[in-house]
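Undergrad: Could you look at this predicted model? Sequence included:
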Amino acid sequence: MRTRFPADLVEPIARGELGADVMQQVNGSIGQPAGTILWESKRTKTWNDNWLSKLRDDQRRSGAGVALIISQALPKHVEHFDLVDGVWVAQPRCAIPVAVALRQTLLEVNSTRLVQQGQQTKMEQVYNYLTGTKFRQRVEAVVEKFNDCVMISIRSANS
């Protein structure tokens with residue numbers, strides 16, 4: 001995964017620690033964190049639904065945005081990959097393509113969030129300017145100049 005996603009921080013979770021197998025911090029093109037994918041891998045012949053609740057608990061504890069189980073054994077209704085009770089489940093051969101899609105989604109959501117934060121900040125700056133002393137003083141100066149011009153025009157017309 002490190003070679004496929006060189007900008008990301010991919011860290012194994014030590015055996016015996018609470019959590020999944022790997023945590024992948026997805027980073028944007030300039031290194032800004034965009035989200036986290038929590039990976040769990042299973043090498044068994046039968047699926048166990050208890051894995052879902054355990055991984056969701058791990059996801060909440062870690063604050064990861066996405067949880068993913070890679071397993072040879074899948075739930076009966078899953079052919080290759082699917083979202084099952086809030087957890088992505090996939091066969092090993094689908095791991096990288098699913099990761100690419102989830103990673104791209106995290107990057108796009110983060111980009112949208114950053115744009116919205118920027119818009120909120122700009123709206124606040126505009127509001128603060130429009131309700132502030134500096135703007136009022138500039139408008140007053142324009143009005144004073146306009147009034148001066150009008151008065152000069154009236155005097156010229158009366159002379």
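TA: Arrived safely, thanks for sending.
Undergrad: okay, the residue sitting nearest the centre point of the chain: pLDDT?
TA: Nearest residue to the geometric centre of the chain (Cα atoms, centre = their mean): residue 110, 2.4 Å. On pLDDT, residue 110 comes in at 87.
Undergrad: any idea which helix or strand carries it?
TA: Per DSSP states H and E, residue 110 falls inside helix 95-130.
Undergrad: which regions of this protein sit below the pLDDT cut-off?
TA: 16, 18, 118 (pLDDT under 70).
Undergrad: try 90
TA: For the chain, the stretches flagged by pLDDT under 90 are 1-4, 6, 13-20, 28-32, 61-62, 110-159.
Undergrad: got the residue ranges for the strands in it?
TA: For the chain, the strands defined by DSSP state E occupy 9-12, 22-27, 33-42, 66-71, 81-84, 87-90.
Undergrad: Now render the ones you listed as JSON lines, adding distance to residue 99 and mean neighbour count.
TA: The way it works is simple: take the backbone N, C-alpha and C, and place the C-beta from them, glycine included. As requested, those are exported to JSON lines (distance: least, Cβ to Cβ, whole Å; neighbours: other Cβ atoms under 10 Å):
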{"stretch": "strand 9-12", "distance to residue 99": "10", "mean neighbour count": "13"}
{"stretch": "strand 22-27", "distance to residue 99": "8", "mean neighbour count": "20"}
{"stretch": "strand 33-42", "distance to residue 99": "7", "mean neighbour count": "20"}
{"stretch": "strand 66-71", "distance to residue 99": "7", "mean neighbour count": "23"}
{"stretch": "strand 81-84", "distance to residue 99": "10", "mean neighbour count": "16"}
{"stretch": "strand 87-90", "distance to residue 99": "9", "mean neighbour count": "22"}
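Undergrad: Of those, give the one that comes closest to residue 147.
TA: strand 33-42 (54.6 Å; Cβ to Cβ).
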